[in-house]
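*Asks:* Sequence unavailable; structure follows:
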């Protein structure tokens, strides 16, 4: 008889993508959460933002949606910006230096909060290479970016963190 995985041993996969129609321009993100037969899609658009902000916000939204602290998480992303910043430790150095001169500091600060709640690993995947979940996230992100009455990306539009 197969043993049921405990919550702390269960792997949650998060697939993410961000998009902007122009850089800056209207943008959006798409996220898929998947574990043990559970599947959830999320997306959101913004009226003016950047691709890198949407890539990062997708990861934040995915991690923030997790209900059980300490979860084992594998984040799949086609963003070298996000994956390298975490896996190469850059974001932790940025934090030590108060994010001085760094773009998207508002989102990196949010990322570090949700990242600390879980055991997170990242895996980079090539975008637009027929990876089914990445392609679906791209569709979610681009669709969200073309929505009507999009809310502002306050961090970007304030000019403080762009």
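*Replies:* Cool, the structure landed. Note that this is a predicted model, so its numbers are computed, not measured.
*Asks:* So which residues of the chain form strands?
*Replies:* Using DSSP state E, the strands found in the chain span residues 11-20, 25-35, 38-49, 72-77, 119-124.
*Asks:* Comparing these, which comes out most buried?
*Replies:* Across the strands of the chain, averaging neighbours per residue (mean count of other CB atoms under 10 Å) puts strand 11-20 on top, at a mean of 26. Just so you know, the C-beta spots here come from the backbone N, C-alpha and C atoms, and that holds for glycine as well.
*Asks:* center of this protein - which residue?
*Replies:* Residue closest to the average C-alpha location in the chain (CA atoms, centre = their mean): residue 59, at 1.6 Å.
*Asks:* pretty sure that residue contacts residue 14?
*Replies:* Yes. Under the criterion of CB atoms under 8 Å, residue 59 makes contact with residue 14 at 7.2 Å.
*Asks:* Overlap in contacts, the two.
*Replies:* residue 75 (CB atoms under 8 Å, 6 or more residues apart in numbering).
*Asks:* hang on, the earlier thing: dump the strands of the chain to TSV, plus mean pLDDT and distance to residue 91.
*Replies:* Shown next, in TSV, are the strands of the chain (pLDDT from 0 to 100; distance: least, CB to CB, whole Å):
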stretch	mean pLDDT	distance to residue 91
strand 11-20	97	16
strand 25-35	98	18
strand 38-49	97	19
strand 72-77	98	13
strand 119-124	97	11
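*Asks:* Quick check: which of these is nearest to residue 102?
*Replies:* strand 38-49 (16.7 Å; CB to CB).
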